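Peer 1: A structural model of the following input is requested.
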Amino acid sequence: MTEHIDTLQRTLGHVFTDRALLTQALTHSSFGQPNNERFEFLGDSILNCAISMTLFRYFPDLQEGDLSRIRASLVCQSALVRVASNLSLGPCLRLGEGELNSGGPRRPSILADATEALIAAVCLDAGFSAASELIERLFKPLLDNIDPAAPDKDPKTTLQEWLQGHKIALPSYSMVRIQGEAHAQEFEVACEIPKLSLRTLGRGASRRAAEQNAAELALAKLKNQ
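Peer 2: Now for the predicted structure:
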């Protein structure tokens, strides 16, 4: 474990003055107390702020909507897991026996949370500037692959990324009714996000089109909240 921790610090480019901060950031709740849950909370806010500042500099001509869309694609579980993989973070984590035996070091949610906790630990150890520089360095491979001119993702994908970025469970889609003759049917689908008490009804000539319409309506409501 010590070897993995030393390698991690070299990869980060940050040697902790307070080693206890690093230890806590890598400690899952299944291992015991103190764990990284509070660090994860702080790291999420730091990450959102730092990524927003970075995108503001990277893309001076983009409007708020495009910046928000790109940020959602970066501040999400899949992006955090990619960063964790590049850091070889899994072997560094302190997990309870049950989590270890069930593949915890490879579980996306655990890796994403630990990455955010690690960001918080750097901030607590060396300040926001150090954490912000670290984030820009860690996310540079993802930033370099962003094409701001690329067409927007479909509504379902955009909604999913927004929810992931805010750590909210993905929406459920359910068929409400099918109307019309077989050659001209209209599908009605409900999109539900229980945590936000949000439900929309989408319509379309196919179930997929109805789901996209429901997701688009959900996104519109989220923007107006």
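
Peer 1: residue contacts, Leu74?
Peer 2: Each residue near Leu74 by CB atoms under 8 Å, 6 or more residues apart in numbering is listed here: Ile51, Leu55, Phe139, Leu142, Leu143. C-beta here means a position set from N, CA and C on the backbone, and glycine is covered the same way.

Peer 1: which members of those residues are the farthest-apart pair?
Peer 2: Leu55 and Leu142 (11.2 Å; CB to CB).

Peer 1: which of those two has more residues huddled nearby?
Peer 2: Neighbour tally, Leu55 and Leu142, criterion other CB atoms under 10 Å: the higher count belongs to Leu55, 20 against 17.

Peer 1: that one: what secondary structure?
Peer 2: Following DSSP: H, G, I helix; E, B strand; the rest coil, Leu55 is assigned to helix.

Peer 1: so it sits right up against Arg71, yeah?
Peer 2: Yes: between Leu55 and Arg71 there is a contact under CB atoms under 8 Å: 5.9 Å.

Peer 1: gap between the most centrally placed residue in the chain and Ile70?
Peer 2: Closest residue to the average C-alpha location of the chain: Cys76 at 1.5 Å, with CA atoms, centre = their mean. Distance check for Cys76 against Ile70: by CB to CB, to the nearest Å, it reads 11 Å.

Peer 1: Pro148 now?
Peer 2: Applying CB to CB, the value for Pro148 to Ile70 is 7 Å.

Peer 1: before we move on, what about Arg207?
Peer 2: Distance of Arg207 to Ile70, computed by CB to CB: 29 Å.

Peer 1: of the two, who's got more company?
Peer 2: The neighbour comparison of Arg207 against Ile70 (other CB under 10 Å) goes to Ile70, with 23 against 16.

Peer 1: quick check, the more buried one in a helix?
Peer 2: Yes: counting by three-state DSSP, Ile70 is found in a helix.

Peer 1: from Arg137, how far out is it?
Peer 2: Separation of Ile70 from Arg137 (CB to CB): 18 Å.

Peer 1: and this protein, what are its domains?
Peer 2: What automatic domain parsing lists as the domains of the chain is 2-144, 155-224.

Peer 1: columns mean pLDDT on top of those, output as CSV?
Peer 2: Conversion of the domains of the chain to CSV gives the following (pLDDT from 0 to 100):
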stretch, mean pLDDT
domain 2-144, 92
domain 155-224, 89
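
Peer 1: OK, contacts around Phe59?
Peer 2: Contact partners of Phe59, counting by CB under 8 Å, 6+ apart, are Asp66, Leu67, Ile70, Pro148.

Peer 1: cool, thanks, talk later.
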